[in-house]
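*Asks:* Sequence first, then the predicted structure:
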Amino acid sequence: MTVTANNIVKAALDTLTIDSVDVGGTYAPLTVTIEVTRQDIVVEQFLTPIRSVITARNATAATTLAEITLANMAVVFQLPASLIVSSSLTIDASSDRGNLTWVAVGKGGTAPGASNANKRTFNFPLSRSNGTITTNLAKLEDGALPCEWVFLANATTGIIGTITDSAA
């Protein structure tokens, strides 16, 4: 394959919006991961697999939020926005925010294209926060809110999400 410099993506995340909440700045790069699991089919007549089939396709993302607002904490902790009252977030053991729409947009000029003036958008309509979420209050360190997301498939179409390049 011939090297085409315009196909090399290098840029920062512009916006990350989760459940209509712009979560603001991030410390760590946004990583989106697609994991494909395969199962080999082996028959008695051969030592080597004769076929491989996909048994799962998992989509996830991770970053570290720089802005630890109550709205961001509610999103990441999977708590309904209604639990934010004035300057307080109630952590309720039985509440669940449900599936969230997750949209990440790169800065203009990041996505491949002849003019290299495009931006890349990741759109996952059904997301859930995942894993253990730890935050800190420290005199010598910036506060940070690391978060991971798992993306679910639409039960009717099987579509997990879309990646779109568009004019900046």
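*Replies:* Yep, it's here. Note that the coordinates shown come from a computational prediction; the quantities given were computed from them, not determined experimentally.

*Asks:* all contacts plus neighbour counts: C-alpha atoms, from now on.
*Replies:* Fine.

*Asks:* So which elements touch the lengthiest strand in the chain?
*Replies:* The single longest strand within the chain, with elements called by DSSP state E, is strand 51-65. Applying 3 or more C-alpha pairs under 8 Å, 6 or more residues apart in numbering; DSSP states H and E, one finds that strand 51-65 contacts strand 31-41, strand 145-151.

*Asks:* deepest of those strands, which one?
*Replies:* Comparing the helices and strands packed on strand 51-65 by mean neighbour count (mean count of other C-alpha atoms under 10 Å), strand 145-151 ranks first with a mean of 19.

*Asks:* the inter-axis angle of that strand versus strand 31-41?
*Replies:* Relative orientation of strand 145-151 versus strand 31-41 (axes from the mean of the first three to the mean of the last three C-alpha atoms, to 10 degrees): 40 degrees.

*Asks:* Which neighbouring elements make contact with strand 145-151?
*Replies:* strand 51-65, strand 118-130.

*Asks:* got the contact list for that strand?
*Replies:* If you take C-alpha atoms under 8 Å, 6 or more residues apart in numbering as the criterion, strand 145-151 is touched by 58-68, 76, 124-131, 133-136, 160-161.
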